[in-house]
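> Just need the structure, nothing else, for what follows:
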Amino acid sequence: MTLERKHEITRLEAFSDAVFAFALTLLVVSLEAPKSYAELMHMLKGFLPFAACFALLIYIWYEHSALFSRYPLRDTTAIVLNSALLFVVLFYVYPLKYLFTLTFAIFIPALRAEGAPATVDEIARLFLVYGIGFVAVFGALALLYRHAWTRRRDLGLTPLEARDARAEIGTHLTSVSVGALSMLWAAAMPASVKPFAGFMYFLMGPAHWAYGEWNGRRRRAFIRAGERAAQR
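As a prediction, this is how the structure comes out:
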């Protein structure tokens, strides 16, 4: 893993943190204060969908924060890519909560409500919409890391830092691939199995583990090669 550099928080990072905080606030304000015991119990049943949304947003924020802590990007391209990422995060807050609520409704019948998808095509379309947002977020992160790598000389990156920036492109493209696979499943598979498109996201763990293992071996080999070259 790349060591984080000491740096001052830029206005771009401060603005991004404010947007992430606002996105989390939107999750909270969508919950009305309970006015009765029954409403309180119903609200508590929505804890798991809320926690899942919260965890995903925190994960995206962490990846965003790690990127800018390592690579102080402030140019126009970085601003455009960062703005696109923040736009998708804000736009998908409510659809994200809706999808997680439907998902947990499979196990918590009380979460079921009117307006849920009534046909297989509507379910497939829902996963396509979610997949677009998922791919857009991690695609933007991959492009930001690619931008950092292309500007490695301007940023004064060491060979290892430049190598790690390139490796992080693969990390986020792994997430993009999982999202794309889910979308492909929802679009192309027979109607009887289209609803299983959401289960494709369970591949995130194994896919990132496999990539992490492969990248770890390559990184250790890179470091050893650098040490041998320095001893000559």
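
> could you check the distance from residue 132 over to residue 183?
7 Å (CB to CB, to the nearest Å). Where C-beta positions appear, they are placed from N, C-alpha and C, glycine not excepted.

> quick one, which of those two is more surrounded?
residue 183 (21 against 15; other CB atoms under 10 Å).

> Read off the pLDDT value for the more buried one.
Reported pLDDT at residue 183 in the predicted model: 94.

> Which residues does the helix or strand containing residue 17 contact?
Under DSSP states H and E, the secondary-structure element containing residue 17 is helix 11-29. Contacts made with helix 11-29 from outside it, assessed by CB atoms under 8 Å, 6 or more residues apart in numbering, are listed as 50, 53-54, 57, 60-61, 64-65, 68, 73-74, 78-79, 82, 86, 89-90, 93-94, 97.

> For the chain, which residue occupies the most central location?
residue 60 (4.4 Å; CA atoms, centre = their mean).

> Could you report the separation of the spatially closest residue to that residue that is not a sequence neighbour from residue 130?
Residue nearest to residue 60 in three dimensions, not counting chain neighbours: residue 137, with 6.0 Å by CB to CB, 6 or more residues apart in numbering. When CB to CB is applied, the distance between residue 137 and residue 130 equals 11 Å.

> what residues are shared contacts of the two?
Common contacts of residue 137 and residue 130, defined by CB under 8 Å, 6+ apart, comprise residue 92.

> mind checking the SS state of the closest residue to residue 120 other than its chain neighbours?
Using CB to CB, 6+ apart and skipping residues adjacent in sequence, the residue nearest residue 120 is residue 191, 4.7 Å away. Under the three-state scheme (DSSP: H, G, I helix; E, B strand; the rest coil), residue 191 adopts coil.

> Likewise for residue 154?
For residue 154, the assignment made with three-state DSSP gives coil.

> Against residue 135, how distant is it?
Applying CB to CB, the value for residue 154 to residue 135 is 29 Å.

> Those two - which one has more neighbours?
Relative neighbour count places residue 135 above the other of residue 154 and residue 135, with 20 against 10, counting by other CB under 10 Å.

> For that one, which non-adjacent residue is closest in space?
Computed as CB to CB, 6+ apart, the closest residue to residue 135 that is not its neighbour in sequence is residue 179, at 4.3 Å.

> And for residue 157?
Nearest-residue entry for residue 157: residue 165, 6.9 Å, with adjacent residues in sequence omitted and distances by CB to CB, 6+ apart.

> OK, contacts around that neighbour?
Contacts for residue 165 were tallied using CB under 8 Å, 6+ apart; they are 2, 70-71, 145, 148-149, 152, 157.

> of these, closest to residue 217?
residue 2 (16.8 Å; CB to CB).

> Show me the contact partners of stretch 221-232.
Contacts made with stretch 221-232 from outside it, assessed by CB under 8 Å, 6+ apart, are listed as 159-160, 163.

> switch to 10 Å and redo it
Applying CB atoms under 10 Å, 6 or more residues apart in numbering, the contact partners of stretch 221-232 are 158-160, 163-164, 167.
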